[in-house]
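1. Have a look at this fold, sequence not included:
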């Protein structure tokens with residue numbers, strides 16, 4: 001049975017005057033269908049009278065079966081399954097649409113990367129970086145005690161009042177001290193504490209930086225500074241406590257003597273050989289050997305040994321300063337030893353001696369003496385070398401005389417015939433009365449390079465080669481245009497006889513020869529104009545505007561821009577030579593993540609708001 005149409009459904013379909021007629025037709029059909037159904041109902045009731053009570057329900061079921069038979073088109077049969085290839089094709093199309101919709105979300109990011117002048121990788125630098133080395137502050141923030149010992153330490157630190165937490169500026173003990181003070185005193189105290197912490201951080205950063213320095217010059221300067229500090233310490237001890245100063249000097253001398261006697265600093269003695277057997281397994285033994293070698297180096301140095309090594313790298317002034325330092329050190333040590341046996345009255349003289357050693361006039365005098373000694377030594381060396389040369393030259397002259405006398409008696413020696421280039425002599429007429437040689441030099445160069453126009457000859461040969469390449473090929477006759485038709489070809493046939501035969505047959509050339517045109521660069525010296533298009537140049541010429549550019553003017557301006565430091569400012573030159581892709585060494589370049597995309601979306605939304 002057909003479903004009844006409600007009036008509301010019909011009103012929905014009435015959108016314009018065109019649909020009114022269709023609605024009327026549908027209503028008429030529905031009315032006819034209802035009337036026909038009533039007539040059948042009444043006819044069947046009269047014909048058949050069923051014995052059971054539910055007569056009406058049985059009639060309705062019978063009428064429905066008849067209508068189903070009357071309208072067989074309503075029956076729907078299942079279609080046969082599709083072939084495997086057709087099914088795969090449909091599934092592929094659906095998968096393509098799905099992936100296309102997923103990748104469409106990445107399109108703005110891809111466009112942004114294509115248009116960007118420079119791309120930095122990795123882009124997820126602040127997200128997940130497995131190779132990043134965490135600082136001490138970052139480790140402290142994320143540190144969690146695991147072992148029992150660490151937990152005990154954390155408990156002790158948590159109970160102590162002097163411990164500073166990460167979020168707070170001052171500890172609990174410092175806060176209590178500040179609360180007990182006045183406002184002005186508390187402010188001053190806060191400033192002092194901040195200043196001290198800043199200085200401590202600067203000092204720790206300086207030590208950290210110095211520990212990484214590998215320069216020999218830097219370590220040499222540090223050694224000198226330590227030596228100066230030691231000298232000052234001994235000087236102060238001489239003034240304050242002479243006995244302690246003497247003990248200090250004795251300790252230094254004993255350490256040096258013990259090291260020189262035992263020679264443990266060398267790697268060839270018995271002690272180091274025995275330890276080296278176990279040093280590869282035990283790192284503590286390696287440290288002991290290293291410390292011993294360092295100590296040995298510092299103690300075994302004789303006076304002036306280090307300064308002689310540094311003379312090769314540093315200048316003469318440094319050597320003079322080092323020598324003065326040695327003299328001062330020796331005087332201080334000798335004064336310290338004498339101080340023990342001299343009375344208190346005589347100690348003033350020793351102090352004055354030390355003061356004089358630090359006097360700048362005393363140092364300048366020492367420097368002058370050293371310079372004069374060096375100059376005198378150099379002069380002596382030069383005189384000795386000259387005397388040696390003179391003696392050798394005399395010996396050589398005597399030997400040559402003897403050989404000459406012997407040679408005159410014997411046959412004359414043969415000499416090599418060398419072809420020496422003729423030197424052009426300048427006439428005196430070209431020389432000016434004042435003695436200037438400018439005109440003579442000019443004449444000399446003009447005569448030398450009169451016939452050697454190397455660049456001009458090379459350019460002319462190149463121009464002739466281009467003209468020969470671009471000459472039009474001869475042959476306008478039908479015979480030459482259609483070679484091989486109506487004539488014998490192959491080996492044994494001369495082309496000259498064949499052309500004569502064709503000229504006799506044709507009589508004259510059918511296509512007249514063109515007049516020889518003059519080239520554009522014929523009368524232009526130092527210029528080559530190519531009249532034919534070169535294939536090598538044509539390949540490089542762009543037919544369309546390249547990708548980043550949208551106008552021809554922009555592309556031409558970009559191509560015409562000069563390159564190099566000579567034509568651009570340093571900033572512009574650095575911008576021009578920057579690479580399109582910038583990567584960091586030792587970093588993993590991961591594929592783009594959806595997290596990064598979501599963060600960019602949020603950032604853009606915040607900007608729009």
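-> Ah, there it is. Model, not experiment: these values are computed from the prediction.
2. doesn't residue 582 fall inside a helix?
-> No. Per DSSP: H, G, I helix; E, B strand; the rest coil, residue 582 lies outside any helix segment and is strand.
3. So it sits against residue 117, correct?
-> No. In terms of C-beta atoms under 8 Å, residue 582 does not count as a neighbour of residue 117; the distance is 10.7 Å. Yep, even glycine has a C-beta here, placed from its N, CA and C like the rest.
4. Need the per-residue pLDDT for residue 148.
-> If you check residue 148, the pLDDT there is 90.
5. how close does it sit to residue 155?
-> 11 Å (C-beta to C-beta, to the nearest Å).
6. Between these two, point out the one with more neighbours.
-> residue 155 (11 against 8; other C-beta atoms under 10 Å).
7. So, low pLDDT: which residues of the stretch 251-400 of the chain?
-> Along the stretch 251-400 of the chain, segments meeting pLDDT under 70 span 259-269, 271, 280, 296, 299-369, 384-400.
8. 80 instead?
-> 252, 255-374, 376-400 (pLDDT under 80).
9. Count residues in the vicinity of residue 245, would you?
-> Using other C-beta under 10 Å, the number of residues around residue 245 comes to 24.
10. try residue 206
-> If we define neighbours as other C-beta under 10 Å, then residue 206 has 10 of them.
11. Check what pLDDT it gets.
-> 91.
12. Check which element follows the host helix or strand of it along the chain.
-> Using DSSP states H and E, residue 206 sits within helix 183-211. Scanning forward in sequence from helix 183-211 by DSSP H and E, the next helix or strand is helix 216-240.
13. and that following helix, what does it pack onto?
-> Counting contacts by 3 or more C-beta pairs under 8 Å, 6 or more residues apart in numbering; DSSP states H and E, helix 216-240 is packed against helix 242-262, helix 305-310, helix 316-341, helix 344-357.
14. and that helix, which residues are buried?
-> Buried residues in helix 216-240, defined by neighbour count with 16 or more other C-beta atoms under 10 Å: 220, 224, 227, 231, 234, 235, 237, 238.
15. Give the next helix or strand downstream of the helix or strand residue 274 falls within.
-> Residue 274 belongs to helix 270-279 when assigned by DSSP H and E. Going down the chain from helix 270-279, the next helix or strand is helix 283-300, by DSSP H and E.
16. out of the buried residues of helix 216-240, who's nearest residue 498?
-> Nearest to residue 498 among the buried residues of helix 216-240: residue 220, at 94.1 Å, using C-beta to C-beta.
17. Which pLDDT value belongs to that closest one?
-> Per-residue confidence (pLDDT) for residue 220: 88.
18. Ok, residue 541 next?
-> Residue 541 carries a pLDDT score of 83 in this model.
19. Okay, domains of the chain per the record?
-> Listed by automatic domain parsing, the domain ranges of the chain are 7-74, 84-115, 213-358, 359-401.
20. re the thing from before, the helix holding residue 274 vs helix 242-262, what angle?
-> Using axes from the mean of the first three to the mean of the last three C-alpha atoms, to 10 degrees, the direction of helix 270-279 lies 80 degrees away from that of helix 242-262.
21. can you pull the buried residues of helix 270-279?
-> Neighbour-count burial for helix 270-279 flags 272, 279 (criterion: 16+ other C-beta under 10 Å).
22. Then stretch 142-151?
-> Buried, per 16+ other C-beta under 10 Å, within stretch 142-151: nothing.
23. And it, end to end?
-> For stretch 142-151, the separation between the terminal residues is 15 Å (C-alpha to C-alpha, to the nearest Å).
24. Could you name the specific helix or strand carrying residue 168?
-> Applying DSSP H and E, one finds residue 168 in no helix or strand.
25. How about residues contacting stretch 549-559?
-> Residues from elsewhere that reach stretch 549-559, judged by C-beta atoms under 8 Å, 6 or more residues apart in numbering: 542, 545, 546.
26. Does the closest residue to the first one other than its chain neighbours belong to a helix, a strand or coil?
-> Which is residue 542. Residue nearest to residue 542 in three dimensions, not counting chain neighbours: residue 555, with 7.8 Å by C-beta to C-beta, 6 or more residues apart in numbering. Secondary structure, three-state DSSP: residue 555 is helix.
27. Give me the local confidence score for residue 555.
-> Residue 555 is assigned a predicted lDDT (pLDDT) of 91.
28. now swap in the one 10 residues further on and tell me
-> In the predicted model, residue 565 carries a pLDDT score of 90.
29. Helix, strand or coil: sort out it for me.
-> Taken by three-state DSSP, the conformation at residue 565 corresponds to coil.
30. Look up how far residue 558 lies from the closest residue to it other than its chain neighbours.
-> Of all residues not flanking residue 565 in the chain, residue 573 sits nearest, at 5.3 Å (C-beta to C-beta, 6+ apart). Distance, residue 573 to residue 558, using C-beta to C-beta: 16 Å.
31. Who has more neighbours out of these two?
-> residue 573 (15 against 11).
32. Surely that one touches residue 562?
-> No. Using C-beta under 8 Å, residue 573 is not in contact with residue 562, being 10.2 Å away.
33. how about stretch 168-183: buried residues?
-> For stretch 168-183, by 16+ other C-beta under 10 Å, it's 170, 174, 178.
34. can you list contacts of that stretch?
-> Contact with stretch 168-183 is made by 161, 162, 163, 164, 186, 189, 190, 193, as judged by C-beta under 8 Å, 6+ apart.
35. Can you pick out the most distant pair from those?
-> Farthest pair in the contacts of stretch 168-183, by C-beta to C-beta: 163 and 186, 20.9 Å.
36. Now do the contacts for the residue lying closest to residue 561 once chain neighbours are set aside.
-> The shortest distance from residue 561 to any non-neighbouring residue, by C-beta to C-beta, 6+ apart, is to residue 576 (7.8 Å). Shown in contact with residue 576 (C-beta under 8 Å, 6+ apart): 561, 563, 568.
37. For the buried ones among those residues, write the corresponding ChimeraX selection.
-> A single ChimeraX command selects the buried members of those (16+ other C-beta under 10 Å):
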select :568
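38. want to try JSON lines for the contacts of residue 576, with distance to residue 467 as columns?
-> Listed next are the contacts of residue 576 as JSON lines, based on distance: C-beta to C-beta, whole Å:
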{"residue": "561", "distance to residue 467": "34"}
{"residue": "563", "distance to residue 467": "33"}
{"residue": "568", "distance to residue 467": "39"}
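39. ok, the contacts of residue 576 vs residue 457, which is closest?
-> residue 563 (31.9 Å).
40. For the closest residue to that closest one other than its chain neighbours, give its distance to residue 551.
-> Nearest residue to residue 563, sequence neighbours excluded (C-beta to C-beta, 6+ apart): residue 576, at 6.3 Å. Per C-beta to C-beta, residue 576 is found 21 Å from residue 551.
41. What of residue 238?
-> Counting by C-beta to C-beta, the gap from residue 238 to residue 551 is 86 Å.
42. Thanks again, I'm all set now.
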